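Chemist: Quick one, what's the 3D model for this:
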Amino acid sequence: MQSLCKIVFLLSVLTGHNPGNLQGMMDRPREMLFGEVSMARYTSLFKLAIPLPKLHDAIQSVLTDCKFNVLHNTNEYVMAKEIPGGVPFAKLVIVELLIDRTTATDEEVSLKCVVKNEELPLQVNNHCHTRFDQVVEAFCKSEHWRVLENIEPIR
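Modeler: Sure, this is the predicted structure:
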């Protein structure tokens with residue numbers, strides 16, 4: 001119990017909250033309590049040869065094959081989350097695809113792929129990086145489109 005009191009006191013000092021108002025302090029997102037949360041994040045840019053009307057079905061198929069559930073799908077944005085079961089919750093990967101409709105033509109589409117999770121990237125070869133490589137490989141080898149360009153930032 002004494003350890004818990006010390007933790008509550010330290011949290012109150014760090015956040016400027018009254019220790020008696022623990023519930024109010026714990027209702028806040030952890031970013032507000034401890035600052036920005038660092039997470040693993042990897043990006044890649046693609047230019048794909050595919051008609052725009054076929055893009056979303058093709059993306060859904062590729063992500064499903066990679067064991068992701070598509071949670072959100074709009075004209076310019078797709079978000080998918082890794083199917084739970086293989087890794088701890090904090091290591092579950094999220095894929096975000098930002099579709100650039102301003103430069104899209106009838107036969108070409110550019111998109112930005114962001115693969116991230118809440119895992120601290122303490123090692124170069126972490127779960128998020130492994131899943132990023134799998135997603136990029138799946139996009140590059142997909143039969144749904146032809147990859148015209150694939151640009152990954154230098155790591």
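Chemist: Would you quantify the distance from the residue nearest to L45 when sequence neighbours are not counted to N73?
Modeler: Excluding its sequence neighbours, the residue lying closest to L45 (C-beta to C-beta, 6 or more residues apart in numbering) is I151, at 4.3 Å. Bear in mind the C-beta positions are built from the backbone N, C-alpha and C, glycine included. I151 is 24 Å from N73, where distance means C-beta to C-beta, to the nearest Å.
Chemist: Between these two, point out the one with more neighbours.
Modeler: More crowded of I151 and N73, by other C-beta atoms under 10 Å: N73, with 14 against 10.
Chemist: and the residue lying closest to that one once chain neighbours are set aside, helix, strand or coil?
Modeler: Excluding the flanking residues, the one nearest N73 by C-beta to C-beta, 6+ apart is H56, at 6.2 Å. Using DSSP: H, G, I helix; E, B strand; the rest coil, the structure places H56 in helix.
Chemist: Now for H56, how many residues are close by?
Modeler: Neighbours around H56, by other C-beta under 10 Å: 16.
Chemist: That one and H127, how far apart?
Modeler: 27 Å.
Chemist: same check, this time on E143
Modeler: Where H127 is concerned, E143 sits at a distance of 27 Å (C-beta to C-beta).
Chemist: When the two are compared, which one has more neighbours?
Modeler: A count of neighbours by other C-beta under 10 Å puts H127 above the other of E143 and H127, at 20 against 8.
Chemist: If you drop the residues flanking it in sequence, what lies closest to the more buried one?
Modeler: H127's closest residue in space is K91 (C-beta to C-beta, 6+ apart), at 4.7 Å.
Chemist: Surely the one you found touches C128?
Modeler: Yes. Between K91 and C128 there is a contact at 7.3 Å, judged by C-beta atoms under 8 Å.
Chemist: Mind listing the shared neighbours of these two?
Modeler: Here K91 and C128 share the contacting residues 117, 119, scored by C-beta atoms under 8 Å, 6 or more residues apart in numbering.
Chemist: higher neighbour count, the two?
Modeler: C128 (24 against 16).
Chemist: does that one count as helix, strand or coil?
Modeler: Taking three-state DSSP, the label given to C128 is helix.
Chemist: Identify the residue nearest it in space, chain neighbours excluded?
Modeler: Closest to C128 by C-beta to C-beta, 6+ apart is A40, at 3.6 Å.
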